[in-house]
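Novice: Sequence first, predicted coordinates after that:
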Amino acid sequence: MADYSSITLSYNTNTDASPTWGTALALSGSAGANELRMALTGGAQTASTSSANWPYMAKPTSGTAAVTQLWAFTADTTGSQITTYTGDNTKANVLRWVFSADGNPVTTMTLTCYGDNTHTNPSAGTQPPGTHNDAFSNGQSSDTSSTSYVKGACYGSGLTNGGTQETPSAGSIGSNPSATTGSAGSVASTAGAWSSWQSLQGTTQFLTGAAIPKASTAFNWYTSLVIFIGANITAGTWVFVYTLSYSFS
Amino acid sequence: MLIKELLGKPLQAIDRPYWAVKLDDGRWVCEAHTITDLRKGEQRLTDWTNDLVATDDVSRVKELWLLCPPNRLSPLGNTAMFKIDRPGSALQFKFGTVDSAIAGPAYKSIQGYVIGRVTNTEGDCECHVWDAFYEILGTGWKTNVGQFESWRSGLTDPGALDLAQLGITL
């Protein structure tokens, strides 16, 4: 079957203008490895902080604030800060999905967030979250108008149906999203352009690529996140997943 | 006996579903067959697009089967089948996800194995789906190839199918 043998997430450890794409986060791995971690500027996090010792983020006493740092760890104590993740829309080269050259896609692809890999739909606005949900993708009525705390954007479909790699220029992505950004259903990108920012909340609010990528061709699909935290998010240790969905023959 | 010949093993010994088709000349083609891809110089499983659509054998399909592994309800495995009366009305695809976690390891998995047939020129179709997460065969799922809806709440809709890649003609 013509599945992609590899789809991984890579991240920029240098500048927006001269990106250095870090070792893609491999599939599976032991605890603490191959994961993204959120942090606030000024915290005790370092490139060798273990997952178990990763510092908590203090939520704002009122309103919402952007999570200001995102890190990628290839092993429990081996990580890098994603330097172009700044909690706003000012950088284009932040994350990219990396596809091997052996897939036969037959639909457009989608991007969204869930509590875990059971892909249980988030319960919009519910805090504390229930089983298989998480505080971030659920959102909260006062903080996020029940949209997800996680906002995302994607650039084209990564590869056009004709086989052209779509790579964004450095610079900002649309208008800076707020904690309440999001609309019901899908927000789709167009060819060679960034989508609008969209709340990533299961099948309730998600992103869709512009086209079905050409088969049997390696490519990168550029994407970015802005994550918020708010006064009314339930405190705790939360895990959520950034999920790419695709179909193949 | 036929299933064992197609799969190379008994149905209860497989750990994922495979599609199989019977062509109008009586010949069977099964995904589980390993073939040599001369273009790539490698051995691989039989592929719907590369081996059925590219050869136009897809227009000669008379029966489309999904051969499924055992589960709690069917310890000997299970099968589902469509008779294909109109050339170009058979369909087959898989739906997959990749989860990159904050925080936790990443996973890539196939969520569903789909076979179906298009029932009219508007693209309406009926499908059988092996849900790999729940390990259960669902039959009679009705949707449309122009906006294929997910069979499971929580998964985004696959959306419009690439008719050319799948060998579908309306």
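Specialist: All right, it came through fine.
Novice: Mind listing what's buried along stretch A:242-249?
Specialist: A:242, A:243, A:244, A:245, A:246, A:247, A:248, A:249 (16 or more other CB atoms under 10 Å in any protein chain shown). The C-beta positions use only the backbone N, C-alpha and C, and glycine is treated the same way.
Novice: which of those sit farthest apart?
Specialist: Using CB to CB, the two most remote members of these are A:242 and A:249, lying 25.2 Å apart.
Novice: Doesn't residue B:16 lie inside a strand?
Specialist: No: looking at residue B:16 with DSSP: H, G, I helix; E, B strand; the rest coil, it is coil, so not inside a strand.
Novice: Check what pLDDT it gets.
Specialist: Note on residue B:16: pLDDT of 96.
Novice: And for the closest residue to it other than its chain neighbours, the neighbour number?
Specialist: For residue B:16, the nearest residue in space outside its immediate sequence neighbours is residue B:69; the separation is 6.2 Å by CB to CB, 6 or more residues apart in numbering or on different chains. Using other CB atoms under 10 Å in any protein chain shown, residue B:69 is surrounded by 19 other residues.
Novice: dump the residue contacts of residue B:69.
Specialist: Neighbour list for residue B:69: B:11, B:12, B:14, B:15, B:16, B:17, B:77, B:135 [criterion: CB atoms under 8 Å, 6 or more residues apart in numbering or on different chains].
Novice: Return a ChimeraX selection command for the buried portion of those.
Specialist: Buried residues among the contacts of residue B:69 (16+ other CB under 10 Å), as a ChimeraX selection:
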select /B:11,14,17,77
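Novice: Ends of stretch B:147-155, what's the gap?
Specialist: Chord length of stretch B:147-155, first to last residue, is 14 Å (CA to CA, to the nearest Å).
Novice: Report the mean confidence score over it.
Specialist: 96.
Novice: now swap in stretch B:133-140 and tell me
Specialist: Per-residue scores along stretch B:133-140 average to 95.
Novice: Now that stretch: buried residues?
Specialist: Residues of stretch B:133-140 classed as buried: B:133, B:137, B:138 (neighbour count, 16+ other CB under 10 Å).
Novice: Now the first one: closest residue in space, sequence neighbours ignored.
Specialist: Looking back up the chat, that one is residue B:133. In space, residue B:133 is closest to residue B:111, 5.8 Å off (CB to CB, 6+ apart).
Novice: Quickly run through the sheet partners of the one helix or strand residue B:82 maps to, with directions.
Specialist: Residue B:82 belongs to strand B:78-83 when elements are defined using DSSP states H and E. Partners of strand B:78-83 in the sheet, by DSSP bridges, are strand B:61-68 (antiparallel).
Novice: Can you give me the buried ones in the strand it pairs with?
Specialist: For strand B:61-68, by 16+ other CB under 10 Å, it's B:61, B:62, B:64, B:65, B:66, B:67, B:68.
Novice: Find the pair from those with maximum spatial separation.
Specialist: B:62 and B:68 (20.6 Å).
Novice: low-confidence ranges in chain A?
Specialist: A:1, A:29 (pLDDT under 70).
Novice: What segments of it are strands?
Specialist: Under the criterion DSSP state E, strands of chain A are mapped to A:7-11, A:35-39, A:64-66, A:69-75, A:78-81, A:95-99, A:110-114, A:150-154, A:185-188, A:198-199, A:205-208, A:219-230, A:240-248.
Novice: and the fourth one with strand A:35-39, angle?
Specialist: Calculated by axes from the mean of the first three to the mean of the last three CA atoms, to 10 degrees, strand A:69-75 forms an angle of 150 degrees with strand A:35-39.
Novice: Please spell out which residues along strand A:69-75 are buried.
Specialist: A:69, A:70, A:71, A:72, A:73, A:74.
Novice: CA atoms of it as PDB?
Specialist: The C-alpha coordinates for strand A:69-75 follow below in PDB (Å, rounded to 0.1, in the frame of the first residue of the first chain):
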ATOM      1  CA  GLN A  69       8.200  29.500  24.100                       C
ATOM      2  CA  LEU A  70       8.000  26.100  22.400                       C
ATOM      3  CA  TRP A  71      10.700  23.500  22.700                       C
ATOM      4  CA  ALA A  72      11.400  20.200  20.800                       C
ATOM      5  CA  PHE A  73      13.100  17.300  22.600                       C
ATOM      6  CA  THR A  74      14.500  14.400  20.600                       C
ATOM      7  CA  ALA A  75      15.400  12.600  23.900                       C
END
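Novice: Could you identify the helix or strand that succeeds the longest helix along chain B?
Specialist: In chain B, with assignment by DSSP state H, the single longest helix is helix B:2-7. Remark: after helix B:2-7, the chain's next helix or strand is strand B:18-23, criterion DSSP H and E.
Novice: Only alpha carbons, please: show that following strand as PDB.
Specialist: Output of strand B:18-23 as PDB, limited to C-alpha atoms (Å, rounded to 0.1, in the frame of the first residue of the first chain):
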ATOM      1  CA  TYR B  18      -6.300  -6.400   2.900                       C
ATOM      2  CA  TRP B  19      -8.400  -5.700  -0.100                       C
ATOM      3  CA  ALA B  20      -8.900  -8.200  -2.900                       C
ATOM      4  CA  VAL B  21     -10.700  -8.000  -6.200                       C
ATOM      5  CA  LYS B  22     -12.000 -10.500  -8.700                       C
ATOM      6  CA  LEU B  23     -11.700  -9.400 -12.300                       C
END
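Novice: on contacts alone, who are the packing partners of the helix or strand that comes right after it?
Specialist: Sequence order places strand B:28-30 as the next helix or strand after strand B:18-23, per DSSP H and E. When contacts are defined as 3 or more CB pairs under 8 Å, 6 or more residues apart in numbering or on different chains; DSSP states H and E, strand B:28-30 sits against helix B:2-7, strand B:18-23.
Novice: Now do stretch B:123-131: distance to the chain's middle.
Specialist: 10 Å (CA atoms, centre = their mean, to the nearest Å).
Novice: I figured residue B:150 hits residue B:158, correct?
Specialist: Yes: contact criterion CB atoms under 8 Å: residue B:150 and residue B:158 qualify, at 6.7 Å.
Novice: Identify the contacts common to those two.
Specialist: residue B:95.
Novice: Please say which of those two ends up with more neighbours.
Specialist: residue B:158 (26 against 20).
Novice: who touches that one in this structure?
Specialist: A:107, A:245, A:247, B:93, B:95, B:148, B:149, B:150 are the contacts of residue B:158 under CB under 8 Å, 6+ apart.
Novice: same thing with residue A:108?
Specialist: A:157, A:188, A:208, A:209, A:210, A:211, A:212, B:159, B:160.
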